[in-house]
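Participant: quick one, fold the following:
(chains A and B)
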Amino acid sequence: MNNLVQVQNVSKSFGEVNAVKGVSLEIDQGKFFSLLGPSGCGKTTLLRLIAGFEIPNSGKILIDNKSMDGVEPNLRPTNMVFQNYAIFPHLNVEQNVSYGLRKKNLSKAEKDEMISQVLELVGLTGLNQRSANALSGGQKQRVALARALILKPKVLLLDEPLSALDKKLREQMQLELRHLQRAVGITFILVTHDQEEALTMSDKVAVMFDGEVEQVDSPRKLYERPASQRVASFIGDMNFINEKALETKDGLKVKSKILGDIFIPKNQVSGKLSNNKIIIGIRPEMISIITKNSDSKGLISGKITDISYFGVTTYYKIECGSNAKALSVSAQNSFGQMDYKIGETVKLKMDVNSLVGFLD
Amino acid sequence: MIFAIRTETKKGWRLLSIPFIFSLLLLAAPLTMMFLLSFWTQDYLVLDKTFTLNNYIEAATQPVYQLLFQRSLIISLTVTFFTVLLAYPMAYFISFHGGERKALWLFLITIPFWTSYLLRMFLWKVILGYNGVFNSLLLWLEMITEPVTFILYNANAVVIALTHGWAPFAILPIFVSLEKIDRSLLEASRDLGDGPFHQFFRVILPLSAPGVVGAALIIFIPTVGDYITPKLVGGTDGLMIANMIQVQFSKANNAPLAAALSASSLMIVAFISIVFVLFNKKYLRRY
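Facilitator: Sure thing, here's the model as predicted:
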């Protein structure tokens, strides 16, 4: 695989604040890459470092094997879609879109051709003369995209481009962006704090906390095999159970009060065993409530203490044994699904293969 | 809802009423009187109130008035041009490089106002005079062999003094319009391939145009009718229309002609200002 963007041990601080601490990343050509993390984790700073709006205190950034040291933003093979879109208010749609074509020495006809192509690509055909002030949020977003894509950058940088849109439009734009990326084949780097957005759109996601990259993986890996408790709880929900573990040749044996005797293979465990302590993680949807008492072997029994209804799913809080934290269990409200009530005692079954272990 | 709007409007009118009466008495009334006066004739102390356009005809045809109008406009336009030209970099510096000291810089700009305008204009005499600071400096630097005289008691002196006197009025509106520019637009222009030069002419200048147009009007309108500056540093070659109006009102005892000159001056300034605004209309949209 060709590493189009290489971030090598890059650090950036603003005064006392270390925004990015020694981050290294490799981003493949033609992929949709996301930087995901809570606000203030340094993801936007990292994006701006790649764009050239910030200069790293140390470390190196290479794009297409060329060092970006001392290269001004206007000379980098990157273009950016800004969080507030930054549409020029004194120019109309066409003038905004063709803003960056100045240097390219194109004839009027070639320019017009490119403009109409890119406007069609983002779904703004016919709005050439519309003034920037008369655009809706979604349209501004599209103009910002068109303005960057028309220059055919090697890397397109997107700084939380969807955060200002309402939910429906956001979901629509997520799909469109994904399709667009596949259609044009340009490498996209997206900054977002929305884990759902990152998972649905990206080929690869880097999760950042406090200026450091904690895990870089495909969305599925990230969700199913989170590298740390922080990643696990930032992306989706997860039950964490504190237990003691014994190391064997190819995994860990745990005698759990709640889960019973279980075995977790090595590849599902992150960290090193030091004092027998392990945190076992399991996603709520990997636990199911068994209605029939027929085969009760290996089942856990618990009492429902809380129910939250979300339409498609229902979340149950189930207490298994005294003094234990209640487990979150989610059930799809699909055809034939039973209804339970608070106080009811139920049997639980869990997918042992989906367990993950976190060691200190 | 309607009730609320009504009381709001009422409140607004009530708040406006005092300044409104004030300006009616102090602005509209004298203006009306001046216009009336301009259609009359004065013979020593007697006012002949029959309607006549003779004063206007005289103001328009007499070479001396034509010259004065012309000179006033040229001086004022030159002052406007240089003031805006000098004010823009200052406003730019404060807005983009002022950092945390913006307030301090703005405060420093107001310092000249602590001294009376008259004193500042007198100071220009000291600076520009035959044995003044400027000439002494040039002599000391041996750049000239005898004092230069083209800088005092003529139109140049008036331009220099007015440009200095009005600079703060130009800096502030330009500063405000620069402050209003969304900084991400600057990054966007860089991102789309502009160097600092193109960034300035494609984004910063067009977006700060309302401030520039505003500053130009603020300088142009009052300087056309400036009276004290030409009187102090203008000599005879630097006299402007306001000086003639003053002479006509007092020494020459011809109030109607003075009124006609004032009214003409007012109309010329209004005309130029309106043309200027219409010409720059596309820049004055609010962003």
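
Participant: return stretch A:115-133 as CSV; C-alpha atoms alone will do.
Facilitator: Extracted C-alpha coordinates of stretch A:115-133, given in CSV (Å, rounded to 0.1, in the frame of the first residue of the first chain):
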residue,chain,number,x,y,z
ILE,A,115,-17.2,24.3,-12.9
SER,A,116,-20.3,22.6,-14.3
GLN,A,117,-18.8,19.2,-13.8
VAL,A,118,-18.0,19.8,-10.2
LEU,A,119,-21.3,21.4,-9.5
GLU,A,120,-23.0,18.4,-11.0
LEU,A,121,-20.9,16.2,-8.8
VAL,A,122,-22.0,17.9,-5.6
GLY,A,123,-25.6,18.4,-6.8
LEU,A,124,-25.6,22.1,-7.3
THR,A,125,-26.2,22.3,-11.1
GLY,A,126,-27.7,25.6,-12.2
LEU,A,127,-26.9,27.5,-9.1
ASN,A,128,-23.8,29.2,-10.7
GLN,A,129,-25.0,32.7,-10.2
ARG,A,130,-26.6,32.3,-6.7
SER,A,131,-25.1,34.7,-4.2
ALA,A,132,-23.2,33.1,-1.3
ASN,A,133,-25.5,34.7,1.2
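
Participant: show me which residues of chain B sit near chain A.
Facilitator: B:182, B:184-185, B:187-195, B:198, B:202-203, B:206-207, B:285, B:287 (C-beta under 8 Å from any C-beta of the partner chain). C-betas here are computed from N, CA, C, even on glycine.

Participant: so which of these are in helices?
Facilitator: B:184-185, B:187-191, B:198, B:206-207 (DSSP state H).

Participant: ok, which pair from the residues you listed is furthest apart?
Facilitator: B:191 and B:206 (17.9 Å; C-beta to C-beta).

Participant: those two: who's more crowded?
Facilitator: For residue B:191 and residue B:206, the more surrounded residue by other C-beta atoms under 10 Å in any protein chain shown is residue B:191, and the numbers stand at 28 against 18.

Participant: which residues does the residue nearest to that one when sequence neighbours are not counted bridge with?
Facilitator: In space, and not counting its chain neighbours, residue B:191 is closest to residue A:80: 4.8 Å by C-beta to C-beta, 6 or more residues apart in numbering or on different chains. On the basis of DSSP bridges, residue A:80 is bridged to residue A:157.

Participant: tell me the pLDDT at residue A:80?
Facilitator: pLDDT for residue A:80: 96.

Participant: what do you get for the one 3 residues further on?
Facilitator: At residue A:83, the pLDDT value in this model is 91.

Participant: including pLDDT and distance to residue B:76, could the ones in helices among the residues of chain B next to chain A go into CSV?
Facilitator: Formatted as CSV, those follow (pLDDT from 0 to 100; distance: C-beta to C-beta, whole Å):
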residue, pLDDT, distance to residue B:76
B:184, 94, 39
B:185, 96, 34
B:187, 96, 39
B:188, 96, 39
B:189, 96, 35
B:190, 95, 39
B:191, 95, 42
B:198, 95, 33
B:206, 92, 26
B:207, 93, 27
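
Participant: which of those sits closest to residue A:28?
Facilitator: For those, the nearest to residue A:28 is residue B:191 (22.8 Å; C-beta to C-beta).

Participant: pretty sure that closest one contacts residue A:75?
Facilitator: No: Residue B:191 is beyond contact range of residue A:75, at 10.7 Å (criterion: C-beta atoms under 8 Å).

Participant: strands of the stretch 1-150 of chain B, residue ranges please.
Facilitator: Applying DSSP state E, counting those that start in this stretch to the stretch 1-150 of chain B gives strands spanning B:41-43, B:46-48.

Participant: in the chain, where is pLDDT below threshold?
Facilitator: Since no chain was named, I'll use chain A. Within chain A, the segments meeting pLDDT under 70 span A:1, A:292-298, A:322-323.

Participant: right idea, wrong chain: chain B
Facilitator: B:1-5, B:284-287.

Participant: centre-most residue in it?
Facilitator: Taking C-alpha atoms, centre = their mean as the criterion, residue B:219 is the residue nearest the geometric centre of chain B, at 2.5 Å.

Participant: before we move on, back to that, in PyMOL, select just the buried ones from the residues of chain B next to chain A.
Facilitator: Listed next is the PyMOL selection for buried residues among the residues of chain B next to chain A, using 16 or more other C-beta atoms under 10 Å in any protein chain shown:
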select buried, chain B and resi 182+184+185+187+188+189+190+191+192+193+194+198+202+203+206+207
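
Participant: list the buried residues in stretch B:117-125.
Facilitator: In stretch B:117-125, counting by 16+ other C-beta under 10 Å, buried: B:121, B:124.

Participant: using PDB, write out the CA atom coordinates for it.
Facilitator: The C-alpha trace of stretch B:117-125 is given here as PDB (Å, rounded to 0.1, in the frame of the first residue of the first chain):
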ATOM      1  CA  TYR B 117      -7.600  71.000  17.000                       C
ATOM      2  CA  LEU B 118      -6.500  74.600  16.900                       C
ATOM      3  CA  LEU B 119      -3.300  73.800  18.800                       C
ATOM      4  CA  ARG B 120      -2.500  70.900  16.600                       C
ATOM      5  CA  MET B 121      -2.900  73.100  13.500                       C
ATOM      6  CA  PHE B 122      -0.600  75.800  15.100                       C
ATOM      7  CA  LEU B 123       1.900  73.000  15.600                       C
ATOM      8  CA  TRP B 124       2.000  72.400  11.900                       C
ATOM      9  CA  LYS B 125       3.100  76.000  11.500                       C
END
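
Participant: quick one: distance of that stretch to the chain centre.
Facilitator: 17 Å (C-alpha atoms, centre = their mean, to the nearest Å).

Participant: including distance to residue A:348, could the ones in helices among the residues of chain B next to chain A go into JSON lines?
Facilitator: Below are those laid out as JSON lines (distance: C-beta to C-beta, whole Å):
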{"residue": "B:184", "distance to residue A:348": "51"}
{"residue": "B:185", "distance to residue A:348": "56"}
{"residue": "B:187", "distance to residue A:348": "53"}
{"residue": "B:188", "distance to residue A:348": "54"}
{"residue": "B:189", "distance to residue A:348": "59"}
{"residue": "B:190", "distance to residue A:348": "57"}
{"residue": "B:191", "distance to residue A:348": "53"}
{"residue": "B:198", "distance to residue A:348": "66"}
{"residue": "B:206", "distance to residue A:348": "66"}
{"residue": "B:207", "distance to residue A:348": "63"}
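
Participant: what about the residue nearest to residue B:110 when sequence neighbours are not counted, neighbour count?
Facilitator: Counting by C-beta to C-beta, 6+ apart, the nearest residue to residue B:110 once its immediate chain neighbours are dropped is residue B:168, at 6.4 Å. The tally of other residues near residue B:168 (other C-beta under 10 Å) stands at 18.
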